[in-house]
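Colleague: I'd like to go over a predicted model; first the sequence, then the structure.
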Amino acid sequence: MDVVIEGIRNLFHISNFIYMNIGLLLGMIFGAIPGLTVMLCIVLFLPFTYTMGPIPSFMFLLGIYCAGSYGGSISAILIKTPGTPHAAATMLDGYPMTQMGKSKKAMKIALYASTFGGLFSALVLLFFAPQVSKFARMMGTPEYFLICALGLTIIAGVSGKSLIKGVISGCIGLFIASIGVDPMTGGTRFIFNNINFYSGFDITICLIGLFALSEILMKSKRESIVKVSMDEVSKEDDSLSKSEYKRMAPPAILSAIIGVIVGIIPGTGASEASFFSYNAARSISKHRDEFGKGNIEGIAAAETANNAVTGATLIPLLTLGIPGDACVAILLGALMINGLTPGPNLFTTHGVTMYAIIIGLVFINIFMFLQGKYLTKLFAKIINIPISILTPVIAIFCFAGAFSVNTSVFDVGVSVFFAFMAYVLIKLDFPTVPILIGLVLGKTTEENFRRSLIISDGSWSIFASSPICIGFIILIIAALVFIFYSKMKEMKTESDN
Amino acid sequence: MKKVLCVVFFALLTISSAFSGGSNEADISKWPEREITVICPWAVGGVADVVNRTLATYGQEYLGVPVLATNELGAGGNVALTNYLKQGPNTYELIFGNEGCFSVTPNVAGGEAIQFTYDDFVPIINLYSAIFVMTADSTLGINDLDDLKEYGQNNRIKIAVNGVASAEAFLAMALMDNLGLEYDLVSYNGANLALDAAAKGETAFAISHQSQAAGNVEAGVLTPVVMFNEDGVDTELFKDVKGVGEYGFAEFYPNTCCLMTRKGTDPSVVEKIRNAYLEILKKPEVKDLYDELMIEINPMDAEEFKEHIDSVTAIVLSSK
């Protein structure tokens, strides 16, 4: 307990809160602008933390990390362009709400959900880190594969009218994910002797093409984002009723738990968590038909989950020394610069600093809420900008963003290719979200599948080697049965009509 | 008239070329006149990136101009090194390279896509050497290579590595071939994940940098088995661990990080940068960082670095 109190004492310096708020503001801006990734923001500002000391530098970096996770939702909701891959699921219901003239409400839900998810995971980190860490240790390669396989069933939920077309789109994503170096043998696949294909395609670049640039192509003939009159928009009532809070509570709680579980699994992150949660929220909702058309539960689920990942990814980092995603890998470097070696002994040797950082994470989420509350009003004004001005601005950010990921002009070409591919697919009534799911989960699924078989000398029994594995197998079977049952029911209703 | 214009144009072109050549000569003595960018072609937050960013902060002090640290990722550094071929001699952009790029990648599947060779670069100074360590799941009770040999008689050995075409993977292959044991390399996305696999018993062994294994070794979750060098290291945590050289094996090499420039760069420029970095490496703060990261100052010059590349290439080719 003394360590915790000493941690609080170390945290409560005005400089820590100043750095925290600067980080939050930067993270929100970088998260909201398509292509300017949270990772880029952390990389750019990392050198400033070298002389700060561990607590202020972590307040600053975690501020960027958490706010970036929320910031992506702003552009996803307003202009159908997720600022980060994490916000792609938010876009599915956020943008339709904007089209209905309810952008402020959608952003409010995103902020509330993000804060809830962030606080939930920060508290899990504070009170249950050792237990969660033990649970993380119980999960290995076969369990990771089964989680990814379960994740692939999400494709059914975001396929729209045609499951077949959704599955085809998902397969396109899986195929694209296989381009580059074979993760298990080191050989190459579909690189055509071109060095630029060597490491495959970065998800951010694909995302820019699939959603942002393709949307620009699609709306080139439109005059406004919103489908209702601007008078209605200006009169928008963004307050949430009691019944709406009640509707959002179950998916938010479920998504927070999903976010924490996904967060502790290395190789997966906020993108997977938000899609998992979106799908789970859809499954338990009484308003399933409204999903994809502006359902508040969809936004709440996706945003709660992607911020619930933020605290959870720190659990394997701090207790086991395993960075859960790329941003956290940078935090690992920052820890080491400050003389803190992540691993099982970190809490014993640097307990005060660790507790200061963890308690700081709670405050980061509170300040994110406060900053978001005021900035939301400002961001909401984006939809008032005429589309003839907004479109070229978004296009510039998209190209700059695609270039900035690897400072490569080739990547700009890749994003344009994806934009045209998405344009053609949309015109043919193929959904594009399954492509993203295939891209996000493809590599992880394949790697864990093949790695499991190497570990087991080719024996498939490894996939049923633990109670957790069996639990996931049951969930996969249940998900498949549910998908087929729903489709049969739909077909029956259609034939009856 | 056209002919006259053509003659005048070519005359101007010749004169300007001559002057540009002259000014270039003069510029070399003044180099550097503007900021220098050092490209780390590997992951942000990794050992090389941390070193790059830290050393860059002393650029102004020792080179008289700001030194900017940046990352250009893709294909284990090969995208950045390929793009670097666009640079000319005496460029203001420098880049890191190591045995992975020059000895491993060109000699494994997909190597035909690599467009650069070692000769396209001029090594300036090797910034560090890191000795890889093999660790074992502590529940197996394997503390040295003799224990490992005994374990390998009855078990097919699973070794977790950070990529099967990585520098550490070839060390594992060479060692297992020398011991005559049956093994599988299990590829993970990062040394930390490879270590975690061994820590929870998914694989029996892992190979990583010392600093990456330190947390688990301190906690007793992993036990160090062997260092991939001649006779061990003097870091507190691993000082009692023998090097593979002590067991009579010659197939080992350190992981390096060499600062390089483009072929054709004036030797005086190379000398200037080398001297500046030699001074930076003497800073106590830098030494502290190196201790923390468990890496060694090993400022190899071009000749020594070439020897290193050649010896690693030989090991890679023999392990294939």
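Modeller: Looks like it came in fine.

Colleague: Pull the distance from the helix or strand containing A:I473 to the chain's centre.
Modeller: Element membership of A:I473, judged by DSSP states H and E, is helix A:467-496. Distance of helix A:467-496 from the chain centroid (Cα atoms, centre = their mean, to the nearest Å) equals 25 Å.

Colleague: Quick one: mean pLDDT over it.
Modeller: For helix A:467-496, mean pLDDT is 86.

Colleague: Give the buried residues for it.
Modeller: By 16 or more other Cβ atoms under 10 Å in any protein chain shown, the buried positions in helix A:467-496 come out as A:468-469, A:472, A:476, A:479, A:483. Heads up, the C-betas are built off the backbone N, CA and C, glycines and all.

Colleague: what domains does the record give for chain B?
Modeller: B:34-129+B:254-319, B:132-247 (automatic domain parsing).

Colleague: Within the helices and strands, which one has whichever residue of the stretch 151-300 of chain B sits closest to chain A?
Modeller: Nearest residue of the stretch 151-300 of chain B to chain A, counting by Cβ to the nearest Cβ: B:G215, 1.7 Å away. Under the criterion of DSSP H and E, B:G215 resides in helix B:210-218.

Colleague: From the contact counts, what lies against that helix?
Modeller: Packed against helix B:210-218 by the contact rule (3 or more Cβ pairs under 8 Å, 6 or more residues apart in numbering or on different chains; DSSP states H and E) you find strand B:132-137, helix B:191-199, strand B:222-227.

Colleague: so it versus strand B:132-137, what angle?
Modeller: Orientation check (axes from the mean of the first three to the mean of the last three Cα atoms, to 10 degrees): helix B:210-218 against strand B:132-137 gives 20 degrees.

Colleague: what mean pLDDT would you report for helix B:210-218?
Modeller: On average, helix B:210-218 scores 89.

Colleague: who's in contact with it?
Modeller: The contact list for helix B:210-218, computed with Cβ atoms under 8 Å, 6 or more residues apart in numbering or on different chains, reads A:320-321, A:336, A:341-346, B:47, B:130-133, B:135, B:191-192, B:195, B:199, B:206, B:222-224, B:233, B:235, B:237-238, B:292-295.

Colleague: same thing with stretch A:401-413?
Modeller: A:33-37, A:40, A:196, A:202, A:204-205, A:208-209, A:399, A:414-415, B:70, B:72-74, B:79, B:83.

Colleague: What of stretch B:292-304?
Modeller: For stretch B:292-304, the external contacting residues (Cβ under 8 Å, 6+ apart) are A:336-337, A:339, A:341, B:47, B:50-51, B:122-131, B:209-211, B:214, B:233, B:235, B:237-238, B:254, B:256, B:258, B:274, B:277-278, B:281, B:287, B:290, B:308.

Colleague: and that stretch, average pLDDT?
Modeller: Across stretch B:292-304, the average pLDDT comes to 92.

Colleague: buried sites along that stretch?
Modeller: So, applying 16+ other Cβ under 10 Å, buried residues of stretch B:292-304: B:292-296, B:298-300, B:302.

Colleague: just stretch A:365-380 next, same as before
Modeller: Result for stretch A:365-380 [16+ other Cβ under 10 Å]: buried residues A:365, A:367-369, A:371-372, A:375-376, A:379-380.

Colleague: Spell out which parts of the stretch 101-250 of chain B neighbour chain A.
Modeller: Within the stretch 101-250 of chain B, the positions near chain A by Cβ under 8 Å from any Cβ of the partner chain are B:108-110, B:112-115, B:156, B:158, B:163-165, B:169, B:184, B:186-190, B:192-193, B:195-197, B:199-200, B:202-203, B:211-212, B:214-216, B:218-219, B:221.

Colleague: Check the residues you listed for burial and list the buried ones.
Modeller: When those are checked for burial by 16+ other Cβ under 10 Å, the buried set is B:108, B:110, B:113-114, B:158, B:163-165, B:169, B:186-190, B:192-193, B:195-197, B:199-200, B:202-203, B:211-212, B:214-216, B:218-219, B:221.

Colleague: Low-confidence stretches in chain B?
Modeller: Within chain B, the segments meeting pLDDT under 70 span B:1-27, B:45, B:74-76, B:109-110, B:113, B:320.

Colleague: Quick one: the strands in it, in order.
Modeller: Taking DSSP state E to define them, one finds strands in chain B at B:36-40, B:67-71, B:93-97, B:121-130, B:132-137, B:157-161, B:183-187, B:205-209, B:222-227, B:255-262.

Colleague: Out of those, the one nearest A:V132 is which?
Modeller: Closest approach to A:V132 among those (Cβ to Cβ): strand B:222-227, 21.2 Å.

Colleague: if we look at that closest one, which residues are touching it?
Modeller: By Cβ under 8 Å, 6+ apart, the list of residues contacting strand B:222-227 reads B:131-138, B:141-145, B:147-148, B:175, B:195, B:198-199, B:205-206, B:213, B:216-217, B:233, B:237-238, B:241-244, B:247.

Colleague: Put the buried members of those into a ChimeraX selection.
Modeller: Command for ChimeraX that selects the buried part of the contacts of strand B:222-227, burial taken from 16+ other Cβ under 10 Å:
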select /B:131,132,133,134,135,136,137,138,142,143,144,145,148,175,195,198,199,205,206,213,216,217,233,237,238,241,242,243,244
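
Colleague: Let me see the ranges of the strands in chain A.
Modeller: Secondary structure of chain A (DSSP E): strands at A:180-181, A:188-189.

Colleague: Just name the most buried of the ones you listed.
Modeller: With neighbours taken as mean count of other Cβ atoms under 10 Å in any protein chain shown, the strands of chain A reach their highest mean count in strand A:180-181, at a mean of 23.

Colleague: does any part of it sit near chain B?
Modeller: Yes: applying Cβ under 8 Å from any Cβ, one finds strand A:180-181 touching chain B at A:180-181.

Colleague: How far off centre is that strand?
Modeller: 24 Å.

Colleague: Would you mind pulling the contact partners of it?
Modeller: Residues contacting strand A:180-181 (Cβ under 8 Å, 6+ apart): A:187-191, A:197-201, B:75, B:110, B:165.

Colleague: which two in those are spaced the farthest apart?
Modeller: Going by Cβ to Cβ, the pair spanning these furthest: A:F201 and B:A165, at 19.7 Å.

Colleague: what about the helices in the stretch 201-320 of chain B?
Modeller: For the stretch 201-320 of chain B, the helices defined by DSSP state H, counting those that start in this stretch cover B:210-218, B:267-280, B:284-293, B:302-319.

Colleague: Dump those helices into TSV; add distance to A:I77 as well.
Modeller: Converted to TSV, the helices of the stretch 201-320 of chain B look like this (distance: least, Cβ to Cβ, whole Å):
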stretch	distance to A:I77
helix B:210-218	40
helix B:267-280	47
helix B:284-293	42
helix B:302-319	51
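
Colleague: just those helices: most buried one?
Modeller: Comparing those by mean neighbour count (mean count of other Cβ under 10 Å), helix B:210-218 comes out on top with a mean of 25.
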